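Engineer: Here is a sequence together with a model predicted from it:
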Amino acid sequence: MHDSSGSWELPEDLRMLQQTVRRFMQQEVKPQEDKLPHDATEMPPEVLQRLQAKARSLGLWQMQTPGEWGGAGLSLLGQAVVAEEASQCRMGLYIHAAHSFGWDLPISIFKGTRAQIEKYALPVIESGEKTFVAITEPGGGSDPGRAIATRAERKGERYLINGAKIFISGVGQSKWGLVFARTGPSKGRDGITSFIVEKHWKGFNYKKLPVIRSYSPYELHFEDLEVPVENRLGEEGQGFALAEEWLVHERVPYAAAVIGVGQAALRLAIEWAKERHTFRSALADKQAIQWMIADSEIELRAARLLVYQAAWRADMGHDIKVDASIAKVYATEIAGKVVDRCIQIFGGMGVAAEMPLERWYRELRIKRIGEGPSEVHRMVIARDLLGSRQPARQSN
């Protein structure tokens, strides 16, 4: 990640990937997206098929899926690079890869048996369809290891699942997903088990839960939902470890995506500041505007480096739980500030549906809650720093 002059830069292969994704978004996705309503959340099927075919031809397919199963098998740093570039469109915070690249499967599925991967993962890898992960419950989502009350009781060669989940993304677009439920007497993290569940099974009920963003998550209710033992992912009690690995991993491209939206908003604001004249001079000549632009660039660069560092450390085999929390908190909070400033620079036009800024503003508010709220991640960071008598760990 250094060039011959000693300055830091992305490896050449990732720079080429970055440029490829950028061109794809600008030349292929954005022209199609511009034809859609302001709050659209998906492309027409025939358009999506063309985009996906083009993406496959460029090697932009299933970014985190291992190469042995037909995906791109990108490193986490590579996934972060793609997420930042792919989010720079109006629908960017709904689907940071604009689903032209195929929905990435939760990495937990690849810890399953070969039969499970062949039955469930391979068709999704081929089709690019979405899956869901059901962890959060009405009684709490920030501490899933202890908050999960949904129960799975084994009855011979089947489990009966009863309970509820809330704020689950993608259920309406999916055929199956992972459901985390409590098995056995333990009320702690060792009592959680993961199951592959098909949406059409009797006892699986769901409905939309409208929120401030364009795309609605879902509420799920399970009433004696029968799940075959062979659909258990891993052994009983291993569910929390599977969930945590997936959640920590997801926070890195999640943070990268919001940086991309912040960068896109700043680009729009800079162009506007140069063109818009008030009080006999361009907005770009006003010190207040200059400082908003400068602060935004500084903070986006800092957020990007935190994301890249977390991804790089993961690719080196390090535990990145704290790194991912730092990147997630800073990136989501800074992106929200940047878009807010950009709206201020635009004035009334900033909140008009003619511009993507108001949509990004709404969706960025959710990003400070999704994948764990900022306060919980600050607890993770603080506990790491205060829980040991050793000096704070260095990140290199």
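Structural biologist: Happy to help now that I have it.
Engineer: low-confidence ranges in the stretch 201-350 of the chain?
Structural biologist: Within the stretch 201-350 of the chain, no stretch falls below the threshold (pLDDT under 70).
Engineer: show me where it has strands.
Structural biologist: Assigned by DSSP state E, counting those that start in this stretch, the stretch 201-350 of the chain shows strands spanning 204-208, 218-228, 232-233, 277-278, 281-282.
Engineer: And the ones you listed: which comes nearest Ala265?
Structural biologist: strand 281-282 (19.1 Å; C-beta to C-beta). Just so you know, the C-beta spots here come from the backbone N, C-alpha and C atoms, and that holds for glycine as well.
Engineer: same for that closest one, what does it pack against?
Structural biologist: helix 239-275 (3 or more C-beta pairs under 8 Å, 6 or more residues apart in numbering; DSSP states H and E).
Engineer: how much space between Leu77 and Val47?
Structural biologist: 30 Å (C-beta to C-beta, to the nearest Å).
Engineer: who has more neighbours, the two?
Structural biologist: Each of Leu77 and Val47 has its neighbours counted (other C-beta atoms under 10 Å); Leu77 has more, 24 against 17.
Engineer: Does the more buried one touch Leu14 like I think?
Structural biologist: Yes. At 6.6 Å, Leu77 counts as touching Leu14 under the criterion of C-beta atoms under 8 Å.
Engineer: hey, which of the strands of the stretch 201-350 of the chain is tucked in deepest?
Structural biologist: strand 232-233 (a mean of 22; mean count of other C-beta atoms under 10 Å).
Engineer: care to break this structure down by domain?
Structural biologist: Listed by automatic domain parsing, the domain ranges of the chain are 12-127, 130-233, 241-386.
Engineer: And the shortest one, end to end?
Structural biologist: So the one you mean is domain 130-233. With C-alpha to C-alpha, to the nearest Å as the measure, domain 130-233 spans 18 Å from end to end.
Engineer: Also the last one?
Structural biologist: One end of domain 241-386 to the other measures 24 Å (C-alpha to C-alpha).
Engineer: Provide a list of residues in contact with Met91.
Structural biologist: 33, 40-41, 98, 214 (C-beta atoms under 8 Å, 6 or more residues apart in numbering).
Engineer: picking up where we left off before, out of the strands of the stretch 201-350 of the chain, nearest to Leu247?
Structural biologist: Of all the strands of the stretch 201-350 of the chain, strand 232-233 comes closest under C-beta to C-beta, at 15.1 Å.
Engineer: Give me the contact list for the closest one.
Structural biologist: By C-beta under 8 Å, 6+ apart, strand 232-233 touches 108-109, 111-112, 116, 159, 178, 193-196, 239, 242.
Engineer: tell me the mean pLDDT over the strand or helix carrying Phe24?
Structural biologist: If you go by DSSP states H and E, Phe24 is part of helix 12-24. Confidence over helix 12-24 (mean pLDDT, whole number) is 95.
Engineer: Same check on stretch 29-40?
Structural biologist: 91.
Engineer: With adjacent residues omitted, what lies nearest to Arg313?
Structural biologist: Ile320 (5.2 Å; C-beta to C-beta, 6 or more residues apart in numbering).
Engineer: give the contact list for Leu220.
Structural biologist: Leu220 neighbours (C-beta under 8 Å, 6+ apart): 134, 164-166, 168, 171, 179, 204-206.
Engineer: quick revisit: send me the helix holding Phe24 as CSV with only the CA atoms.
Structural biologist: Extracted in CSV, the C-alpha atoms of helix 12-24 (Å, rounded to 0.1, in the frame of the first residue of the first chain):
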residue,chain,number,x,y,z
GLU,A,12,-2.7,-1.1,-8.3
ASP,A,13,-5.2,-3.9,-8.6
LEU,A,14,-7.6,-2.1,-6.3
ARG,A,15,-7.1,1.2,-8.0
MET,A,16,-8.1,-0.5,-11.3
LEU,A,17,-11.1,-2.0,-9.6
GLN,A,18,-12.1,1.4,-8.2
GLN,A,19,-11.9,2.9,-11.7
THR,A,20,-13.9,0.1,-13.2
VAL,A,21,-16.7,0.4,-10.6
ARG,A,22,-16.7,4.2,-11.0
ARG,A,23,-17.1,4.0,-14.8
PHE,A,24,-19.8,1.3,-14.4
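Engineer: Would you tell me what the next helix or strand after it is?
Structural biologist: helix 30-33.
Engineer: contacting residues for the nearest residue to Lys207 once chain neighbours are set aside?
Structural biologist: Excluding the flanking residues, the one nearest Lys207 by C-beta to C-beta, 6+ apart is Glu219, at 5.5 Å. By C-beta under 8 Å, 6+ apart, the contact set of Glu219 is 164-166, 168, 206-209.
Engineer: nearest spatial neighbour of the most centrally placed residue in the chain, skipping sequence neighbours?
Structural biologist: With distances taken as C-alpha atoms, centre = their mean, the residue of the chain nearest its centroid is Tyr254 (3.7 Å). With sequence-adjacent residues excluded and distances taken as C-beta to C-beta, 6+ apart, Tyr254 is closest to Glu371, at 5.2 Å.
Engineer: which SS class is the one you found?
Structural biologist: coil (DSSP: H, G, I helix; E, B strand; the rest coil).
Engineer: I figured it was touching Lys328, is that so?
Structural biologist: Yes. Glu371 lies in contact with Lys328 (C-beta under 8 Å); the separation is 6.2 Å.
Engineer: neighbour-wise, which of these two wins?
Structural biologist: Neighbour totals were compared for Glu371 and Lys328, and Lys328 leads with 29 against 18 (other C-beta under 10 Å).
Engineer: Pull the number of nearby residues for the nearest residue to that one once chain neighbours are set aside.
Structural biologist: Among residues not flanking Lys328 along the chain, Arg251 sits closest, at 4.4 Å (C-beta to C-beta, 6+ apart). If you count neighbours by other C-beta under 10 Å, Arg251 ends up with 27.
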